[in-house]
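Q: have a look; sequence and predicted model below, questions after that.
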Amino acid sequence: MARRQQEGLHEVHETDEGQVHAEWSESGGNGGTVFEGVDTAYKTDGDLLAKKPKKTQEEKRADFARLASRRVSTAIDAIDSLIHLCAPQSYAWTAEDRMEIITTLHDRVSRVHDAFVSVEESGGKKTAKPLSFRLPV
């Protein structure tokens, strides 16, 4: 997002109240977006940028509810679609295939659970994402 803002940056100035006012235009130059009440401005590659104000707890909660509802619904739909693979008249599968699918799903659900617990235990601080691929040293 910072790149888009940097490319279309028109104006950054401090108001009488000590707040930073920044104005950007979209990539085509049509229209503009104004951010007022921004806490700080800083330089990157010689261009001024402004940070958007932090979200309130209510905004964070609304974002979480919206995204979680959509993502969990998508996950449920994907899991439900696995039920169709059980049809022996259409698919050939083994008990080992079944166990691999179930074990993988249990593992992923456990990882989601562990991620939430980890953040709760760390006092709300974000933990580092484990690498999904690692080359041996």
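A: Perfect, thanks for sending it. Here the structure is a predicted model, which means the values were calculated and not measured.

Q: give me phi/psi at residue 107?
A: Backbone torsions of residue 107, given as degrees, to the nearest 10, read phi -60, psi -40.

Q: how many residues are close by it?
A: Close neighbours of residue 107, defined as other C-beta atoms under 10 Å, add up to 9. Every residue, glycine included, has its C-beta placed from N, CA and C.

Q: what's the answer for residue 93, then?
A: Look at residue 93: counted by other C-beta under 10 Å, it has 13 neighbours.

Q: that one belongs to a helix?
A: No: assigned with DSSP: H, G, I helix; E, B strand; the rest coil, residue 93 falls outside any helix and is coil.

Q: quick one: pLDDT of it?
A: On the pLDDT scale, residue 93 is placed at 94.

Q: and for it, nearest residue in space, chain neighbours not counted?
A: residue 85 (6.7 Å; C-beta to C-beta, 6 or more residues apart in numbering).

Q: does that neighbour touch residue 91 like I think?
A: Yes: between residue 85 and residue 91 there is a contact under C-beta atoms under 8 Å: 5.5 Å.

Q: which residues in this protein form strands?
A: With DSSP state E as the criterion, the chain has strands at 9-14, 20-24, 33-38, 41-44, 47-50.
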